[in-house]
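Novice: The following block contains a protein sequence and its predicted model.
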Amino acid sequence: MTLLQFRPPPSTEDPESDTPNRRRPVTKADVMEAGYAALAAVVGAGLLRVVFGWTGVMGTAVTAYLLFLVAFYLLQRDGASDESAIDRLVTVAIWSAGCMVVALLVWMLGFLLIKGLPDLRPSFFTEDLKGHGPLNPGGGARAAIIGTFEQVGLATLVVVPIAVMTAIYLHELKGRLARPTRFIIDAMSGLPSIVAGLLVFTVWVESHGFSGVSGSAALVVLMLPTVTRTSEEILRTIPDSLREASLALGAPQWRVIVRVVLPTALAGLVTAVILGIARAVGETAPMLLTAFGSNNTNVNILHGPQSDLPLFAYSLIRLPSKAQNDRAWTGALVLVILVLVLFVTARLVSNLSQRKLGRGR
Amino acid sequence: MTPETLDDTPVRPETPLRGPDKVFRQLATAAAGVSFVIVGLTIFFLVDGSRAAFRSTGIINFFTRSVWQPSIGKFGAFGLLIGTIIIATIALIVAIPLAVAMALFINEYAPRVIRRPMTSIIDLLAALPSLLFGMWGKFALQDRMVPVAKWLSQHLSFLIFFRLTRPGVSLVESSMIAGFVVGIMIVPIITSVSRDVMAQVPREQCEGALALGGTRWGMIRSVILPFGRSGIVGATLLGFGRALGETIAVTLILASPVVKSNIHVLQAGAGTIAAQIADEFGTASTLERSALVAAGLALFLLTLVVNLAARSIVKRSSRLA
């Protein structure tokens, strides 16, 4: 086992650097050990599978992984101290956790793509479900897409001024009620989305009937705490010297905020709002109790049940018919694409703002 | 003097505010007041809306029995409450190791190049709609979990949770599968909050541990984890709060919630408050709606307590830094 016992000293790539170099280079021996362990794990799991007659892919994978960890630990223990063997074992476990999260994301998005892509035709955006029964193909999400844009758009228009002004109150004006307000926002941020739906239902829908605007109201309740909190974080990053310089020039506080602080924070605030929208677009639970959903296109947000993309997908996926489920998957795909576009936009804007403020993190 | 109190010290101008400044301040105060109004409305209307159900069935009965018979006006949310807690607990069992490992991975293990992409992936996972998790859990994950559930029920049936009430019972639509999916959904919040706390460990202490000859895991175990413990606890509580209120993913997987409490997590038939509301509300009568509002009130108070506790723990632990 001489090969396994040889450990080259850690290389120092950049002697000038202050950051400690903790990474041991991966040697050929490491790769071989991992290979042996993997081989042992596959053979072991295969044997167990044959002997006990297991059929599940998941179970076999879990067993193989556990066997791999054991084999890897034993191989390491053979060549080094217990302490460093455990260290390497943990390194492998933590790397596999990282890989697992990525794999889950890829699995989920890949599955969605496979299920949803075949039905994604242009007519999906121009037709609604009226007259398209559970067995015939065709029909689309026009009603849902219109509803989503109206409901989320209205909610955003309401949330942005309130959230930004609250953030200004908390961080710029530092009003007397700052502490209780933070407490209330903390309390609101944990509100289950279905409870927001119940709230709007008992306040408004029970007496006035389902409508798109009540869906917007539920979204406002859900978006307000997150957007407020992130906006406040953004305001915190603006250096005080900017405020002090403009106050020293004799500007009143409101002009300092409107002309200096907000323009500097703009990109960050836009990021906060876009991320808030990305969250709100996918909300399903409160919509069940407020917008309710509809097969027909209802452009009037103020009156009558209105569909949106999450409701469209949710109601169709629960039906037993395959044609309906296919539509649901396509609806979910459109929804996730929308979320991804918003997410990437938010990232781009936030990168832009960081470059402007000269902070590379 | 902690940074938190420093930050909150109000700047009181010595001269009274003049015209526009005063208006601006009033506007901002009004905006801050909106949150108070919303929380006030929530408590008032949920209490008001649940009165009819409490009157018909009695408050104590409502929280100690497991029945749902709208036709005779008898309701009891005990089973749903237990179901909610069981599923959220399973979610935590899945999420804690994965999320803490992920936080350590991003903070300590990942090469610089993939650190930012990994953070983005966690943020993306948090932004994906719960609908997608539910659909994936029902159509992609569930069938693959059934053999695992079967194995657990055969070999670990000495644990009452893994026992089946009768042989051959259906193993889909179970608490375990719902809990598993919710667990994946709460990984991002636990990861990002505990990551923030663990990133505040003084770097000299880490370097000291390494300089004394400790391995990287030795350093994590003796410096980072003790330092970040309360942050991880707070993050876990936040995740627990999310898991309690998760609706759509659970409703899709459980298909139709069952109100009777079921501690056998591997077999079909479970329910949570949120799933019951989402599933029944559309077709409910006025009295049943009131019962659902009452259940929602219980859920609201439960998540409120959990969340405020979590927030105060997280705040205290990051103030220590």
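Specialist: Nice, I can see it.
Novice: Quick check: phi and psi at the residue in the stretch 201-350 of chain A positioned nearest to chain B.
Specialist: Nearest to chain B, among the residues of the stretch 201-350 of chain A, is A:Gly282, at 2.4 Å (Cβ to the nearest Cβ). All C-beta spots, glycine's among them, are computed from the backbone N, C-alpha and C. Per-residue torsions, A:Gly282: phi -90, psi 0 (degrees, to the nearest 10).
Novice: ok, the spatially closest residue to it that is not a sequence neighbour - contacts?
Specialist: Leaving aside its chain neighbours, A:Gly282 sits nearest to B:Pro129 (2.4 Å; criterion: Cβ to Cβ, 6 or more residues apart in numbering or on different chains). Applying Cβ atoms under 8 Å, 6 or more residues apart in numbering or on different chains to B:Pro129 gives the contacts A:Val281, A:Gly282, A:Glu283, A:Thr284, A:Pro310, A:Ala332, A:Leu335, A:Val336, A:Val339, B:Ile248.
Novice: Work out the gap between stretch B:128-137 and the centre of the chain.
Specialist: 16 Å (Cα atoms, centre = their mean, to the nearest Å).
Novice: my bad, should have said stretch B:81-94
Specialist: 9 Å.
Novice: go on, stretch A:261-280?
Specialist: 16 Å.
Novice: same deal with stretch B:75-94?
Specialist: For stretch B:75-94, the separation from the chain centroid amounts to 11 Å (computed by Cα atoms, centre = their mean).
Novice: Is there any residue in it that contacts chain A?
Specialist: No. Taking Cβ under 8 Å from any Cβ of the partner chain as the criterion, stretch B:75-94 and chain A are apart, separated by no less than 10.2 Å.
Novice: Could I get the average pLDDT for that stretch?
Specialist: Per-residue pLDDT over stretch B:75-94 has a mean of 94.
Novice: Please export the C-alpha coordinates of that stretch as PDB.
Specialist: Provided in PDB are the C-alpha atoms of stretch B:75-94 (Å, rounded to 0.1, in the frame of the first residue of the first chain):
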ATOM      1  CA  PHE B  75     -65.800  19.700  13.400                       C
ATOM      2  CA  GLY B  76     -62.500  18.800  15.000                       C
ATOM      3  CA  ALA B  77     -59.100  19.700  13.700                       C
ATOM      4  CA  PHE B  78     -56.900  17.700  16.100                       C
ATOM      5  CA  GLY B  79     -56.000  15.100  13.500                       C
ATOM      6  CA  LEU B  80     -55.100  17.800  11.000                       C
ATOM      7  CA  LEU B  81     -53.000  19.600  13.500                       C
ATOM      8  CA  ILE B  82     -51.100  16.400  14.200                       C
ATOM      9  CA  GLY B  83     -50.800  15.700  10.500                       C
ATOM     10  CA  THR B  84     -49.400  19.200   9.900                       C
ATOM     11  CA  ILE B  85     -46.800  18.700  12.600                       C
ATOM     12  CA  ILE B  86     -45.800  15.200  11.400                       C
ATOM     13  CA  ILE B  87     -45.300  16.300   7.800                       C
ATOM     14  CA  ALA B  88     -43.300  19.400   8.900                       C
ATOM     15  CA  THR B  89     -41.100  17.200  11.200                       C
ATOM     16  CA  ILE B  90     -40.400  14.700   8.400                       C
ATOM     17  CA  ALA B  91     -39.500  17.700   6.200                       C
ATOM     18  CA  LEU B  92     -37.000  18.900   8.900                       C
ATOM     19  CA  ILE B  93     -35.400  15.400   9.100                       C
ATOM     20  CA  VAL B  94     -34.800  15.600   5.300                       C
END
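Novice: for that stretch, which positions count as buried?
Specialist: B:75-92, B:94 (16 or more other Cβ atoms under 10 Å in any protein chain shown).
Novice: ok, now stretch A:239-254?
Specialist: So stretch A:239-254, judged by 16+ other Cβ under 10 Å, has buried residues A:Arg243, A:Ser246, A:Ala251, A:Pro252, A:Gln253, A:Trp254.
Novice: Outline the domain layout of chain A.
Specialist: Domain ranges of chain A: A:25-116, A:126-356, per automatic domain parsing.
Novice: Any idea how far apart the tips of the shortest one sit?
Specialist: Pointing back at domain A:25-116 there. When the termini of domain A:25-116 are compared using Cα to Cα, to the nearest Å, they are 43 Å apart.
Novice: does any bit of it sit next to chain B?
Specialist: Yes. Applying Cβ under 8 Å from any Cβ, one finds domain A:25-116 touching chain B at A:54-59, A:62, A:83-84, A:86-87, A:90-91, A:93-95, A:97-98, A:100-102, A:104-105, A:107-108, A:111-112, A:115.
Novice: Measure how far that domain is from the centre of its chain, please.
Specialist: 27 Å.
Novice: go on, the last one?
Specialist: Once both centres are worked out by Cα atoms, centre = their mean, domain A:126-356 turns out to sit 14 Å from its chain's centre.
Novice: repeat for stretch B:189-196
Specialist: Per Cα atoms, centre = their mean, the centroid offset for stretch B:189-196 relative to its chain is 13 Å.
Novice: cool, and stretch B:204-213?
Specialist: The answer for stretch B:204-213 is 36 Å, by Cα atoms, centre = their mean.
Novice: average pLDDT for that stretch?
Specialist: So the average pLDDT for stretch B:204-213 ends up being 90.
Novice: Which positions within stretch A:260-268 qualify as buried?
Specialist: Buried-residue list, stretch A:260-268, by 16+ other Cβ under 10 Å: A:Val260, A:Val261, A:Leu262, A:Thr264, A:Ala265, A:Ala267, A:Gly268.
Novice: touching chain B at all, that stretch?
Specialist: No. Judged by Cβ under 8 Å from any Cβ, stretch A:260-268 stays clear of chain B, getting no closer than 11.9 Å.
Novice: Could you list the residues in contact with that stretch?
Specialist: Taking Cβ under 8 Å, 6+ apart as the rule, stretch A:260-268 contacts A:164, A:172, A:231, A:234-235, A:237-238, A:242-243, A:246, A:251, A:269, A:349-350, A:352-353, A:356-357.
Novice: let's see 7 Å
Specialist: Residues from elsewhere that reach stretch A:260-268 (Cβ atoms under 7 Å, 6 or more residues apart in numbering or on different chains): A:172, A:234-235, A:237-238, A:242-243, A:246, A:349-350, A:352-353, A:356.
Novice: for stretch A:158-174, same thing?
Specialist: With Cβ under 7 Å, 6+ apart, stretch A:158-174 has contacts from A:175, A:178, A:181-182, A:220, A:223-224, A:227-228, A:231-232, A:235-236, A:257, A:261, A:269, A:273, A:276, B:8, B:10-11, B:25, B:27-29, B:31-32, B:34-35.
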